[in-house]
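> A structural model of the following input is requested.
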Amino acid sequence: MSFQFTRVSVGRRMAALMVDWLACYFIVAAATGGLGTMAPNRSWTVLALFFAEISIFSALQGATVGHRIFGIRIVRFVDGGAISPIQALIRSALLVTVIFAITFDENGRGMHERLSGSVLTRLTLS
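Numbers count the residues shown, from 1 in each chain. Model (predicted):
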């Protein structure tokens, strides 16, 4: 038996992901002298910051900056509770590999969510 969740569209997922990635990109660009002077080898720095951002915010708040903007959150698939720090790390590590994030199961979850036991759901006001 699993908890009932409101599916999150692929568009909303990708928009939230883009916000998070661009935030990390601009932070690295600002720290390294601006967009025009950012060296190509800084892409690893952006990826590392992105991994840290999604890991930390997912574990502590259940949502990244992009998730908050688009009204979605990460919860445990089985009961809708907060995910554990280990689930956040697994989810984040698989998300940055990309292939797990673009492969979906019958419940509309990315493989990174399935393997970490999490799911994205819409925020509900109650």
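> what packs against the lowest-mean-pLDDT helix or strand in the chain?
Scoring the helices and strands of the chain by mean pLDDT, DSSP states H and E places helix 111-116 at the bottom, with a mean of 87. Using 3 or more CB pairs under 8 Å, 6 or more residues apart in numbering; DSSP states H and E, the elements in contact with helix 111-116 are helix 85-95. All C-beta spots, glycine's among them, are computed from the backbone N, C-alpha and C.
> can you tell me the average pLDDT over the helix it packs on?
Across helix 85-95, the average pLDDT comes to 94.
> and the residue nearest the centre of the chain, what element?
Closest residue to the average C-alpha location of the chain: residue 54 at 5.3 Å, with CA atoms, centre = their mean. Here residue 54 is covered by helix 43-61, with elements defined by DSSP states H and E.
> ok, and for that helix, which residues are buried?
Residues of helix 43-61 classed as buried by neighbour count (16 or more other CB atoms under 10 Å): 45-46, 49-51, 53-55, 57-59.
> contacting residues around the residue nearest to residue 85 when sequence neighbours are not counted?
Leaving aside its chain neighbours, residue 85 sits nearest to residue 59 (4.3 Å; criterion: CB to CB, 6 or more residues apart in numbering). Counting by CB atoms under 8 Å, 6 or more residues apart in numbering, residue 59 makes contact with 83-85, 88-89.
> alpha carbons only: can I get the longest helix seen in the chain in PDB?
If you go by DSSP state H, the chain has its longest helix at helix 10-31. Output in PDB follows, covering the C-alpha atoms of helix 10-31 (Å, rounded to 0.1, in the frame of the first residue of the first chain):
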ATOM      1  CA  VAL A  10       7.500  16.700 -16.700                       C
ATOM      2  CA  GLY A  11       7.400  20.400 -17.600                       C
ATOM      3  CA  ARG A  12       7.100  21.400 -14.000                       C
ATOM      4  CA  ARG A  13      10.000  19.000 -13.100                       C
ATOM      5  CA  MET A  14      12.200  20.300 -15.800                       C
ATOM      6  CA  ALA A  15      11.400  24.000 -15.000                       C
ATOM      7  CA  ALA A  16      12.400  23.400 -11.300                       C
ATOM      8  CA  LEU A  17      15.500  21.600 -12.400                       C
ATOM      9  CA  MET A  18      16.400  24.500 -14.700                       C
ATOM     10  CA  VAL A  19      16.000  27.000 -11.900                       C
ATOM     11  CA  ASP A  20      18.300  25.000  -9.600                       C
ATOM     12  CA  TRP A  21      20.900  24.500 -12.300                       C
ATOM     13  CA  LEU A  22      20.900  28.200 -13.400                       C
ATOM     14  CA  ALA A  23      21.200  29.300  -9.800                       C
ATOM     15  CA  CYS A  24      24.300  27.200  -9.300                       C
ATOM     16  CA  TYR A  25      25.700  28.300 -12.600                       C
ATOM     17  CA  PHE A  26      25.300  32.000 -11.700                       C
ATOM     18  CA  ILE A  27      26.800  31.500  -8.300                       C
ATOM     19  CA  VAL A  28      29.900  29.900  -9.800                       C
ATOM     20  CA  ALA A  29      30.100  32.500 -12.500                       C
ATOM     21  CA  ALA A  30      29.800  35.300  -9.900                       C
ATOM     22  CA  ALA A  31      32.500  33.700  -7.700                       C
END
